[in-house]
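Novice: this is a predicted model, with the sequence first.
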Amino acid sequence: MRTSNTAWRMISRLGWRGPLVVLAMVLTGCGQDDGPPRYSLSGTVTYEGQPVPYGWMVFAPAQGPGATANIEDGKYHTPPGWGTVGGPHTIEVVAFGKKPDPKAATEGGAAGASQPTLTCTLQRDIPKEATTWDIKITPDDLR
Amino acid sequence: MLDYAGNAGTDCPSYGGWGIRGNGLTGAIARKANGSSDRNSPVTIAMIRDGTSNTLFFSEKRMNRSMVGTQDLGDDDGGFADGWDFDNVRWGCYPPGPDIDDGMMPVHRGAYAAERGGFGSSHSDLFNAALCDGSVRSLTYHVDFQVFKNLSNREDGNVLDLN
């Protein structure tokens, strides 16, 4: 965690040297919090071999930042730059059996497919590299 | 309409219906559903068992920037009048992240997307979070997910290390 207020207070105490310190920080990259390496994941999500029409997933690692991904037509990808940290993960899956009309996905038409047809928690070891990685869900995963 | 959302906790056993991603039983902002005896009282200081300095009160919320101001943005179209849903509360069971501004898939724009449940901001690296003791912390999106869950849960009893 970073407290930027503290950093600014320290910089302002430096007086005329402040801008020089800030410049040095920018040049050296100090103050950046890039966090641990993240790896883009993409692939298919299937249940009993059938593509999951749509839904979403939350990736929770044993340690480190989490990630999310949305599913559409059996495919998913983590948002650009915000992949998983890899390693052992708990993956929460919320999936819907059919894809709604885009208009029905807004509030006015919410009565449609608003209940998930499949929710499950998977324990998986995710590769520590940007890669294609398919997620296969079986009935055993629903227990 | 609202760039901030209350902390509805980490109690997310399943999807609870339109714009509701959890029961809200462990957050700082309780769900107040009609006729539900376990949810019809406000959260008191005594109920924040982890302590007010260890519990998230409200924070910036994650938005779809490309659709702000449109009625297609299901999580930001009702304002405070929407009550206890993702317009006004968010859940700690979703990792925080930056606003989305890419060509999202149409069905995910309105509601059915993971990002719609979580906290975050339009800042590239940080989001601001107010704790129940009144302090404000800037957290990075790289915050340990389990630590963030502990911060969002007012009664988990776990030790919290934000530093």
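Specialist: That came through, no problem. Residues are numbered from 1 along each chain as shown, chains lettered A, B, ... in the order given.

Novice: what about the helices in the chain?
Specialist: The chain I'm using is chain A. A:4-13, A:18-28 (DSSP state H).

Novice: that's the wrong chain, I meant chain B
Specialist: B:106-110, B:145-152.

Novice: which non-adjacent residue is nearest residue 43?
Specialist: Using chain A. Of all residues not flanking A:Gly43 in the chain, A:Asp134 sits nearest, at 4.3 Å (Cβ to Cβ, 6 or more residues apart in numbering or on different chains). C-beta: built from backbone N, CA, C; applies to glycine.

Novice: if you could check chain B rather than the one you did, that'd help
Specialist: Distance criterion Cβ to Cβ, 6+ apart; nearest residue to B:Val43, sequence neighbours excluded, is B:Ala30 at 5.0 Å.

Novice: the closest residue to B:Met47 other than its chain neighbours: what's it in contact with?
Specialist: Leaving out its chain neighbours, the residue that sits closest to B:Met47 by Cβ to Cβ, 6+ apart is B:Arg154, at 6.8 Å. Residues in contact with B:Arg154 (Cβ atoms under 8 Å, 6 or more residues apart in numbering or on different chains) are B:9, B:26-28, B:43, B:47-50, B:55, B:132.

Novice: quick check on B:Arg154: phi, psi?
Specialist: Dihedral pair for B:Arg154: phi -80, psi -10, per degrees, to the nearest 10.

Novice: tally of neighbours for the closest residue to A:Val85 other than its chain neighbours?
Specialist: Distances taken as Cβ to Cβ, 6+ apart place A:Gly64 nearest to A:Val85, at 4.2 Å, with adjacent residues excluded. A count of nearby residues for A:Gly64, using other Cβ atoms under 10 Å in any protein chain shown, gives 22.

Novice: is it true that A:Gly64 touches A:Pro37?
Specialist: No. Using Cβ atoms under 8 Å, A:Gly64 makes no contact with A:Pro37, being 9.8 Å away.

Novice: shaky segments in chain A?
Specialist: A:1-33, A:100-114 (pLDDT under 70).
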